[in-house]
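Asker: With the input below, show me the fold.
(2 chains)
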Amino acid sequence: MRSPFRPDDLPEKAVLDDHRPLIRGLERRGLFRGGLSLGALAILTGCDVRQPEAVQSALLSISRFNDGVQAWLFDPNKLAPTYPASRVLKPPKFNAYYNINQVRPVNGATWRLELAGLIADRRPWTVQEIDALPQTTDIIKHICVEGWSYIGEWSGVRLSTFLRRVGADTRAKYVAFHTADDYPSSIDMASALHPQTILAVRYAGETIADPFGYPLRLRTSTKLGYKNPKWITAIEVTNTYPGGYWESRGFSWFGGL
Amino acid sequence: MVMTVIPDAGQRLHPMPIRIMHWINAFAMIVMITSGWGIYDDDVIIRGFFFPEWARLGGWAAPSLLYHFAGMWLLAVNGLCYLIYGAVTGRFRDRLLPIRVSELVETVRDTLHLRISHEDLTTYNAVQKALYIVVIVAGVSQVVTGLAIWKPVQISGLVSLLGGFQTARVLHFTGMVVIVGFLLVHVLLSLLVPRTLWAMLTGGPRLDRSRSP
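Answerer: Below you'll find the model as predicted:
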């Protein structure tokens, strides 16, 4: 049946032809924007839009309580199992909030490690200076919050050695990291001082390749994969909760193994 | 005339603590299973097999993890109370033991011939006993394997006992399959014999005094 609201004289269909690409573009953009904002809402809050606010805040409170339980369970002297070099995966697995072809390599020649916060000597460090520090190697399991895992061989200076070297206040609560890929991260001081927490510069004996965090990344055996920031540009020692990329989207802050 | 307590009024089939713990457990289990599916889907164990989004608790991994790590407290604390209650009152021994193999075979045969007798709610047949024991063990096992994959460094001894992190993860998944399998049979049978469902809500018939709750 013909709609009663439809005018008797319709404009020529052809008048639209010139503008068809524009109209299609507008529709598509609208759809895309709608999808983006919905996705962004879900991701930003780490929440499901369908869930009531009260449930969300209760779940986040329990997660904070669990962070406390995890810190209590953490034994600073407990070492993670280590493995023979023959079981090391080469190259390591890539994982980030974007794809491997979107990695923006860092120029090691101009790169500097900046220091901030409760640190006595905040002089920036070069790649060569970091390389000259005492090195240690850990062949440990990387466990992702998603469930997969692999064995990797990481070398570099122990974070505890570095923090003491620069005169960091090791009684502070947090060690925070800033990275070249805008992936803020932070860990508790006890985990930072763990002997298997290192500022890694080499993987399986070779300089770490670009996708895996060249020139400097964190590798700790006692935390989930997302607590290991890559392409570190600055380290800050602080008592103010620094949060992190995934933590602000709902993942547990402690993320301990 | 002095009123006296009726001496023969024994405990109900499902005393109040059992009913409360049963329904808390039902709620906690559903939370753990469906949020677990949300976590599973982030990195599947069986290639190509995903749980549908409508069945998952949490829109993606982070909220599913939040639910899972909240639900675990309810499940574990309630489960521990249930185990202590069952052991101390003698309920486990009275209801779940003994299981005779001959009786087990006979009940399975009867069931396959669609001869399901459920006249006496207060006595479990051998298949029921076996299923309840399996699901209690599966529940305990889920807590153990769950702890192992939550804290594989702090309790690395347990993880290596279980055969490593990925094996522990598969065991945790398998435990879920066992519990979901039980749940399907359990719910189906309770709907076929609604008196059992009613008993878990109101307590059911009174037992003679010689029996444990």
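
Asker: Please count neighbours and contacts with C-alpha atoms only from this point.
Answerer: Fine.

Asker: Which pLDDT value does the model give the closest residue to chain A within chain B?
Answerer: In chain B, the residue that lies nearest chain A is B:Lys151 (4.5 Å; C-alpha to the nearest C-alpha). Looking at B:Lys151, its pLDDT is 97.

Asker: Please name the nearest non-neighbouring residue to it.
Answerer: Once flanking residues are discounted, B:Lys151 sits nearest to A:Leu257: 4.5 Å by C-alpha to C-alpha, 6 or more residues apart in numbering or on different chains.

Asker: these two touch, right, that neighbour and A:Lys223?
Answerer: Yes. Assessed by C-alpha atoms under 8 Å, A:Leu257 is found in contact with A:Lys223 at 5.0 Å.

Asker: now the helices for chain A?
Answerer: A:20-45, A:53-73, A:127-131, A:159-165, A:189-192 (DSSP state H).

Asker: in which helix or strand would I find B:Arg195?
Answerer: Secondary-structure assignment from DSSP states H and E places B:Arg195 in helix B:194-202.

Asker: circling back to that earlier point, got the contact list for the residue nearest to B:Lys151?
Answerer: A:Ser221, A:Thr222, A:Lys223, A:Leu224, B:Trp150, B:Lys151, B:Pro152, B:Val153, B:Gln154 (C-alpha atoms under 8 Å, 6 or more residues apart in numbering or on different chains).

Asker: and the gap between the second one and chain B?
Answerer: Going back to what we said before, that points to A:Thr222. 6 Å (C-alpha to the nearest C-alpha, to the nearest Å).

Asker: who in the stretch 1-150 of chain A is up against chain B?
Answerer: Within the stretch 1-150 of chain A, the positions near chain B by C-alpha under 8 Å from any C-alpha of the partner chain are A:46-48, A:59-60, A:62-63, A:66, A:73-75, A:78-81, A:146-149.

Asker: List the buried residues of stretch B:73-93.
Answerer: For stretch B:73-93, the neighbour count (16 or more other C-alpha atoms under 10 Å in any protein chain shown) marks B:Leu74, B:Leu75, B:Ala76, B:Asn78, B:Gly79, B:Tyr82, B:Tyr85, B:Gly86, B:Arg91, B:Phe92 as buried.

Asker: would a markdown table of the residues you listed with secondary structure, pLDDT and distance to chain A be doable?
Answerer: Output for the buried residues of stretch B:73-93, formatted as a markdown table (DSSP: H, G, I helix; E, B strand; the rest coil; pLDDT from 0 to 100; distance: C-alpha to the nearest C-alpha, whole Å):
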| residue | secondary structure | pLDDT | distance to chain A |
| --- | --- | --- | --- |
| B:Leu74 | helix | 97 | 12 |
| B:Leu75 | helix | 97 | 14 |
| B:Ala76 | helix | 97 | 14 |
| B:Asn78 | helix | 97 | 17 |
| B:Gly79 | helix | 97 | 19 |
| B:Tyr82 | helix | 97 | 23 |
| B:Tyr85 | helix | 96 | 26 |
| B:Gly86 | helix | 94 | 28 |
| B:Arg91 | helix | 91 | 33 |
| B:Phe92 | helix | 92 | 32 |
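
Asker: Let me have the residues you listed in TSV, extended by distance to A:Gly117.
Answerer: Formatted as TSV, the buried residues of stretch B:73-93 follow (distance: C-alpha to C-alpha, whole Å):
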residue	distance to A:Gly117
B:Leu74	40
B:Leu75	42
B:Ala76	41
B:Asn78	45
B:Gly79	46
B:Tyr82	50
B:Tyr85	53
B:Gly86	55
B:Arg91	60
B:Phe92	59
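
Asker: between those, which is nearest A:Leu193?
Answerer: A:Leu193 has its nearest neighbour among the buried residues of stretch B:73-93 in B:Ala76, at 32.0 Å by C-alpha to C-alpha.

Asker: Which pLDDT value goes with the residue lying closest to the closest one once chain neighbours are set aside?
Answerer: Distances taken as C-alpha to C-alpha, 6+ apart place B:Val143 nearest to B:Ala76, at 7.0 Å, with adjacent residues excluded. Here, the pLDDT recorded for B:Val143 equals 97.

Asker: Write out the residues of chain B neighbouring chain A.
Answerer: Counting by C-alpha under 8 Å from any C-alpha, chain B sits next to chain A at B:39-40, B:42-43, B:58-63, B:65-67, B:69-70, B:150-154, B:156, B:166, B:169.

Asker: Return, as residue ranges, the portions of chain A with sub-threshold pLDDT.
Answerer: Within chain A, the stretches with pLDDT under 70 are A:1-51.

Asker: Tell me which stretches of it form strands.
Answerer: For chain A, applying DSSP state E gives strands covering A:114-117, A:136-143, A:149-158, A:174-179, A:185-188, A:197-203, A:206-207, A:217-220, A:232-238.

Asker: and the fourth one with strand A:232-238, angle?
Answerer: Angular relation of strand A:174-179 and strand A:232-238 on a 0 to 180 degree scale: 160 degrees, by axes from the mean of the first three to the mean of the last three C-alpha atoms, to 10 degrees.

Asker: which helices and strands sit right next to strand A:174-179?
Answerer: strand A:185-188, helix A:189-192, strand A:232-238 (3 or more C-alpha pairs under 8 Å, 6 or more residues apart in numbering or on different chains; DSSP states H and E).

Asker: counting contacts, what elements does the first one pack onto?
Answerer: So that's strand A:185-188. strand A:174-179.

Asker: got the buried residues for stretch B:41-51?
Answerer: So for stretch B:41-51, counting by 16+ other C-alpha under 10 Å, buried means B:Asp41, B:Asp42, B:Asp43, B:Val44, B:Ile45.
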